[in-house]
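**Q** Output the structure for:
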Amino acid sequence: MLPILHRILIDQTQAIGTRDKDGNIALHEAAYFGNPENVKRLLKADKSLVNKKNYNKETPLFKARFQKANNSSRYVRELYDRVIRELKKYGAY
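**A** Alright, predicted model coming up:
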């Protein structure tokens with residue numbers, strides 16, 4: 001099964017708020033995988049999703065911070081910084 005974000009990009013009719021089996025939406029996945037461009041696209045499409053929680057009560061901001069903290073690569077950490085800035089710009093907490 002393709003991650004939600006990839007399915008949405010393939011099928012534009014797919015709702016961006018669709019949850020996977022863990023309750024993640026596409027914004028969770030974009031934040032988790034450190035993709036600031038997709039985070040920005042998704043938030044422009046629906047900024048109300050910025051603080052949406054999955055079934056474990058994790059927000060997209062939590063996912064990005066967790067991944068940043070567990071990565072030692074400077075380049076990757078900078079990607080997560082960009083994701084975090086983008087999320088905060090839209091009111092993430």
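
**Q** Look up how far A64 lies from A92.
**A** Separation of A92 from A64 (CB to CB, to the nearest Å): 9 Å. All C-beta atoms are positioned from the backbone trio N, CA, C, and that covers glycine.

**Q** what do the two both touch?
**A** Jointly contacting A92 and A64 under the rule CB atoms under 8 Å, 6 or more residues apart in numbering are I84.

**Q** Between the two, point out the one with more neighbours.
**A** Per other CB atoms under 10 Å, whichever of A92 and A64 has more neighbours is A64, with 29 against 22.

**Q** contact partners of the lengthiest helix in the chain?
**A** For the chain, the helix that runs over the most residues, judged by DSSP state H, is helix 74-89. Residues outside helix 74-89 that contact it (CB under 8 Å, 6+ apart): 30-31, 34-36, 39-40, 43, 50, 60-61, 64-65, 67-68, 71, 92.

**Q** run the last query once more with 6 Å
**A** Residues from elsewhere that reach helix 74-89 (CB atoms under 6 Å, 6 or more residues apart in numbering): 31, 34, 36, 39-40, 60-61, 64, 67-68, 71.
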